[in-house]
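Asks: Show me how the following folds:
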Amino acid sequence: MRNAIFCVLAVLGMAGAASAHHPFADDFDRTKPITLTGTVSKMEWTNPHVYAYITVKDDPNKGNWKVEMGSPAALAKAGWTAKSLKSGDQVTVEGWRAKNGSRFANAKTFTMPDDGKTASAASSFDESNVPTDALARTDTDPNAVGTRGDSLPSTASPSALMGLISLFSLAGAAGLRFFR
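Replies: Okay, the predicted model is just below:
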């Protein structure tokens with residue numbers, strides 16, 4: 001009975017981890033690119049996504065924006081640290097608007113304040129499913145840093161795989177105990 005409870009808890013944990021990461025298309029529209037230029041007001045380094053809050057003063061995008069980036073791990077692979085952007089930094093963000101029209105966007109790139117270089121935001125948008133002529137790709141930009149050319153979303157979480165491995169381990173342990 002105790003093993004059955006552990007198995008159920010492992011499955012529930014795996015389901016929770018899988019639902020925490022959402023596909024790009026759930027919230028964002030790839031046909032609505034946006035460029036935001038403004039001041040960083042806050043950064044949140046949390047899983048499954050890092051969020052930058054940008055104050056934009058120009059029309060038509062004037063206001064406070066929440067900008068979704070990749071996971072902390074994906075951004076670290078792209079060369080980011082928690083100190084890469086700080087409150088008061090002037091940035092330009094290229095990405096895609098939220099489907100619902102709110103001031104929420106998914107970032108593709110950030111133009112960094114210190115050196116003006118373009119940095120990948122490790123977006124969850126999977127460009128491999130879109131014809132290359134439909135996209136302005138940053139991986140051909142010699143000033144770009146941290147771009148990725150693989151087909152997996154850069155924010156894919158290993159939590160679901162770890163939950164599945166745990167489930168099989170628990171099931172194996174229960175089986176061994178049962179057949180003693």
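
Asks: Just the pLDDT for Ile54.
Replies: The model reports Ile54 with a pLDDT of 97.

Asks: cool, Val91 as well?
Replies: 95.

Asks: Quickly find the element holding it.
Replies: Element membership for Val91 (DSSP states H and E) is strand 90-98.

Asks: Which strands or helices does the helix or strand following that strand pack on?
Replies: Going down the chain from strand 90-98, the next helix or strand is strand 104-111, by DSSP H and E. For strand 104-111, the packing partners by 3 or more Cβ pairs under 8 Å, 6 or more residues apart in numbering; DSSP states H and E come out as helix 24-27, strand 28-45, strand 63-68, strand 90-98, strand 118-120. In this view, the C-beta of every residue, glycine as well, is placed from N, C-alpha and C.

Asks: Kindly export the third one (C-alpha atoms) in PDB.
Replies: Backbone C-alpha positions of strand 63-68 (Å, rounded to 0.1, in the frame of the first residue of the first chain) are rendered in PDB as follows:
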ATOM      1  CA  GLY A  63       3.200  51.500 -20.400                       C
ATOM      2  CA  ASN A  64       4.700  48.800 -18.200                       C
ATOM      3  CA  TRP A  65       5.400  45.500 -20.000                       C
ATOM      4  CA  LYS A  66       6.000  42.000 -18.600                       C
ATOM      5  CA  VAL A  67       8.500  40.200 -20.900                       C
ATOM      6  CA  GLU A  68       8.900  36.500 -20.700                       C
END
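
Asks: Run through the neighbouring helices and strands of that strand.
Replies: Against strand 63-68 (3+ Cβ pairs under 8 Å, 6+ apart) you get strand 28-45, strand 50-56, strand 104-111.

Asks: Rebuild the ones you listed as a markdown table, extending it with mean neighbour count.
Replies: Shown next, in a markdown table, are the helices and strands packed on strand 63-68 (neighbours: other Cβ atoms under 10 Å):
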| stretch | mean neighbour count |
| --- | --- |
| strand 28-45 | 16 |
| strand 50-56 | 20 |
| strand 104-111 | 23 |
